[in-house]
Each structure stands twice: as structure tokens, then as C-alpha cells.
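In: Please find the sequence and the predicted model below.
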Amino acid sequence: MPRKNATVKAVWIDNDILAEFEQKLGGQSINSWLKEQIEGFVSGKTVDKNDPERVNPKNSKKSSATPLNEDIEEMLSVSGLPVEKFLDDLTEMMNDGSFDLSGGKLSIVYPSYISEFEETCHDCGIPVEDAMKKAAKALRRGSI
């Protein structure tokens, strides 16, 4: 979890380069890699590219779940949402049927009228986003 005296910085990366970069990281999160690089640079140490743990992070002593947990905690700390509240909200949405966790995959379950609206838009050849914007305008005008 990030410290209170930490700063979040956004980095713009070309999508093609990002895909290659993530592939070369081999499962290590970008945040943890960048943190290592910055700490090494500041302390004057260089990170050895031939280090077995750097070449294949799966050889690392850390569990493979650690980077994901760190990323989630960092994301929640930036948003100001406590982990407990996030988990409570997620559990509530799953209990309400908003999310489906079958088959090992988490997916959103939409109400049936959403599917009907999408099918109608498709049949009429209207993009769903355009139809939604027009419907919102009509509601504001009181036309519906």
C-alpha cells in the first residue's frame, strides 16, 4: 500500500509499446518495476538485467498475487475508497445479481431491458450511444 507521503504520476505510453513492455515484464506489475527502477536510480544502484528474478519474475520469492494486491490497494487509496468499503460494495453487487462470478470469470449482468434496447438499436441501424443521447435529450425536453 502506498505511503501517505507518496505522489501518483500519470505516464502516457503508446499502446503498441505498452503491450511489448508488459510482455517483457512477464507478469510483474508496471508499478513495481518502475518503483524498483526509481529506487535504484536514486540510491545509485543499477538493476542487473541478468538477475534471474528480473529475467523471470516467476522465480521471485514474492507470491504472484502480491503485485495485483498492491495495484488494487494503490487504486483504492487514490480514489479514497477504503478496501473494506470496496469489498462490501462488490459483495452487495454480486448478491444483487449485478455481477456474475460463474466459470471463474467476473462479468456484469445487465437488466433484460438493456439487451432489448441494444437489439432494437441494432435492428434499426442506430448506434446504441447515439440512441441513448437522443433518449436523454427527449426526456429532458419532456417529449417522452
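Out: Perfect, I can see it now. Residues are numbered from 1 along each chain as shown.

In: What distance do you get for residue 34 to residue 91?
Out: 32 Å (CB to CB, to the nearest Å). Quick note: C-beta positions are derived from backbone N, CA and C, even for glycine.

In: before we move on, what about residue 76?
Out: Per CB to CB, residue 76 is found 15 Å from residue 91.

In: So which of these two has more stuff around it?
Out: residue 76 (17 against 11; other CB atoms under 10 Å).

In: so that one is in which element?
Out: Taking DSSP states H and E as the criterion, residue 76 maps to helix 66-79.

In: what do you get for residue 35?
Out: helix 30-43.

In: any idea how far residue 117 is from residue 14?
Out: 36 Å.

In: Which of those two has more residues huddled nearby?
Out: Legend: neighbour count by other CB under 10 Å for residue 117 and residue 14, higher for residue 117 (16 against 9).

In: Surely that one is in contact with residue 124?
Out: No - counting by CB atoms under 8 Å, residue 117 stays clear of residue 124, with 10.8 Å between them.

In: Let me see the ranges of the helices in this structure.
Out: Under the criterion DSSP state H, the chain carries helices at the ranges 15-25, 30-43, 52-55, 66-79, 83-96, 112-124, 128-141.

In: which stretch among the ones you listed comes nearest residue 9?
Out: helix 30-43 (9.5 Å; CB to CB).

In: Now do the helix holding residue 76: which elements does it pack against?
Out: helix 30-43, helix 83-96 (3 or more CB pairs under 8 Å, 6 or more residues apart in numbering; DSSP states H and E).

In: These into a markdown table, with extra columns for distance to residue 20?
Out: Converted to a markdown table, those look like this (distance: least, CB to CB, whole Å):
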| stretch | distance to residue 20 |
| --- | --- |
| helix 30-43 | 12 |
| helix 83-96 | 32 |
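
In: could these be laid out in JSON lines, adding mean pLDDT?
Out: Below are the helices and strands packed on helix 66-79 laid out as JSON lines (pLDDT from 0 to 100):
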{"stretch": "helix 30-43", "mean pLDDT": "80"}
{"stretch": "helix 83-96", "mean pLDDT": "78"}
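
In: Looking at those helices, spot the one closest to residue 108.
Out: Across those, closest to residue 108 is helix 83-96 (CB to CB), at 8.9 Å.
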